[in-house]
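S.K.: 3D model of this:
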Amino acid sequence: MIIADLVRRALRTHAARRAVFDESRVLTYAEVADRAHRLVNALDDRGIRRGDRVATLAPNDVTTLEMMLGLALGGFARTALHAMGSGDAHRQVLQAAGARALVTTADFYARFRDELRAVEGLELLVVIGAEAAGLDVLDYERMLDSSEPGDRGLPVSGDDILHLAYSSGTSGLPRASVHTQSSWSAVTSDTASFLPRVTEADVYLAAAPLTHAASTVLYVLVARGASIRILDHFDADRVVEAIERDSCTLTFVVPTMLQSILASAALPAADLSSLRAVVYASAPISVTTALAAQRALGDVLFQSYGQSECLPATTLTPEDHARGAAGDERILRSAGRPCLGADVKIVDDQGREAASGEVGEILVRTAGRMRGIFGDAEATAARITEDGFVRTGDIGHLDEDGLLFVVDRKDDMIISGGFNIWPAEIEDALSRHPDVVEAAVVGVSHPRWGETPHAVVVVRHGAAVSAADLVELCRAEVGSMKKPTELVLRTEPLPRTPLGKVPRRLIRDQYWPAEAHRDRQISGA
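M.R.: Numbers count the residues shown, from 1 in each chain. The predicted structure follows:
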């Protein structure tokens, strides 16, 4: 069953049930169905066709569900822009995707109007709250109200793109993994296989963006008729309050969120006994945090490792966490065992499969793996082997018990608070300053974010620019989540290899020597 069929059946089967709600608004599955079909019909009437890329830029909202389900029903390729990205980053992704339509909010439109208007080929711009903000652009609610109701039953196939998952490649340019209606159906089945059985009684707390990593659980929830409690942004105290007040049973977080929840002043007195599953992924986590979470929340923790290109790959179960808490902390340093539908192997530099305990590159094959890199056959061939495994770029090993340990990365990607950050993107932003000669960015461990970018910048002799100036430049150019936490200025050139490359590891070890022998454990990617 493809995602469009799953959605259509769920909307019909669970029509009378609560689908999504926040503090002020509740929509049933029937109401979501009506709005989702109106969205499809409105796009269809305006010439947006099956396979066209439709981008979204909005925080979690009750409208998020209808947009995601509607785009799936219409066979449109959803392209989600991250709320914390910069205007230029949004422009690049929209351009790379060839997006024909964008749905955003009045706030984001006001902030990024110039960049959005500069996107070639973007024909339709729809803004949630446009009329209330006095904007001269198509209002989302007015578009839905004037659209024809009902399901037109537009043809959708398993090979149609469901969504493009964008991240920055090593060049710093946007690159997207392609997931189809069929591949994401497999992701949904594999996700359902490791979670407790989801039922109509479940309430999912959307504390992380539904449009990104948390979307792995979305269609499981919809298929089973669960309801979704929306938080428009993450706040630890609000999370604790919502779980207790609304009897939330499931949620998805990144480890930095988990740390904040554990530090919440509201946690000690709260009754969180309704929780059945807390899935954490997408960033490094410490054993200390895992133990504290297990003690505070009980046997509800699931760690999920994977990448947008191939997921879910492995899972650390509540039973594993309990064994770790009972004394076998080594388990908590692992990413768990392969999921039901996943094959995981380790290969050496020659592509030979490694023996148990031997370190090499992690390769993953899942039924739900990406179909390729959007618009880039060469990059696709480089990532997917002839027998269907995805080269993750992560380094690790499998032990005799089948546990996967992720210990490093082949490339220099930084995972900070669940977000993928590429050094080249920050280096490029820094290099735009006239006083900057060159720059190198590395990932350094951080007690809250897992990792954070640090930069070493070569400036011209006599330059007046300060480290604080360059951090603010990065905030403006690449977004606050990617700005360096620490920035060191120097005038002497950076060291280089015989091939002329800057050895980032050497720079990291020179300026932050405590990192030289750090075991870079990763829980998800």
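
S.K.: And this protein, what are its domain boundaries?
M.R.: The chain is divided into the following domains under automatic domain parsing: 3-283, 303-409, 414-515.

S.K.: Is it possible to get JSON lines of these that adds mean pLDDT and mean neighbour count?
M.R.: Yep, even glycine has a C-beta here, placed from its N, CA and C like the rest. Below are the domains of the chain laid out as JSON lines (pLDDT from 0 to 100; neighbours: other C-beta atoms under 10 Å):
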{"stretch": "domain 3-283", "mean pLDDT": "95", "mean neighbour count": "20"}
{"stretch": "domain 303-409", "mean pLDDT": "94", "mean neighbour count": "19"}
{"stretch": "domain 414-515", "mean pLDDT": "88", "mean neighbour count": "18"}
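
S.K.: can you put these in a markdown table and add distance to R295?
M.R.: Shown next, in a markdown table, are these (distance: least, C-beta to C-beta, whole Å):
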| stretch | distance to R295 |
| --- | --- |
| domain 3-283 | 9 |
| domain 303-409 | 7 |
| domain 414-515 | 18 |
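
S.K.: how about those, which one is nearest L297?
M.R.: Taking C-beta to C-beta, domain 3-283 is the member of the domains of the chain nearest to L297, at 6.0 Å.

S.K.: Now the phi/psi pair for the spatially closest residue to D139 that is not a sequence neighbour, please.
M.R.: Using C-beta to C-beta, 6 or more residues apart in numbering and skipping residues adjacent in sequence, the residue nearest D139 is A130, 4.0 Å away. When read as degrees, to the nearest 10, the backbone of A130 gives phi -60, psi -50.

S.K.: how distant is the longest helix belonging to the chain from the center of its chain?
M.R.: Counting by DSSP state H, the longest helix found in the chain is helix 29-45. Counting by C-alpha atoms, centre = their mean, to the nearest Å, helix 29-45 is centred 26 Å from the centre of its parent chain.

S.K.: give the contact list for D435.
M.R.: V459, R460, A463, A464, V465 (C-beta atoms under 8 Å, 6 or more residues apart in numbering).

S.K.: same question but for T256, I mixed them up
M.R.: Applying C-beta under 8 Å, 6+ apart, one finds that T256 lies in contact with A283, G417, G418, R448, W449, G450.

S.K.: what's the answer for V239, then?
M.R.: By C-beta under 8 Å, 6+ apart, the contact set of V239 is L205, A207, L231, T251, M257, I261, S264.

S.K.: Dump the residues you listed into a markdown table; add secondary structure and distance to G74 as well.
M.R.: Formatted as a markdown table, the contacts of V239 follow (DSSP: H, G, I helix; E, B strand; the rest coil; distance: C-beta to C-beta, whole Å):
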| residue | secondary structure | distance to G74 |
| --- | --- | --- |
| L205 | strand | 28 |
| A207 | coil | 28 |
| L231 | coil | 27 |
| T251 | strand | 29 |
| M257 | helix | 32 |
| I261 | helix | 37 |
| S264 | coil | 40 |
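
S.K.: which among the residues you listed gets closest to D399?
M.R.: Comparing the contacts of V239 against D399 with C-beta to C-beta places M257 closest, at 28.7 Å.

S.K.: so what's the closest one closest to, chain neighbours aside?
M.R.: Leaving aside its chain neighbours, M257 sits nearest to F234 (5.8 Å; criterion: C-beta to C-beta, 6+ apart).

S.K.: could you pull out the strands for the stretch 301-450 of the chain?
M.R.: Assigned by DSSP state E, counting those that start in this stretch, the stretch 301-450 of the chain shows strands spanning 301-307, 310-316, 337-338, 342-347, 360-366, 372-373, 390-398, 404-409, 414-416, 419-421, 436-446, 450-459.

S.K.: Could I get the contacts of T256 in JSON lines, plus columns for distance to L116?
M.R.: What follows is those, written out as JSON lines (distance: C-beta to C-beta, whole Å):
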{"residue": "A283", "distance to L116": "29"}
{"residue": "G417", "distance to L116": "26"}
{"residue": "G418", "distance to L116": "25"}
{"residue": "R448", "distance to L116": "32"}
{"residue": "W449", "distance to L116": "29"}
{"residue": "G450", "distance to L116": "32"}
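
S.K.: And the residues you listed, which is closest to V407?
M.R.: The closest of the contacts of T256 to V407 turns out to be G450 (C-beta to C-beta; 14.4 Å).
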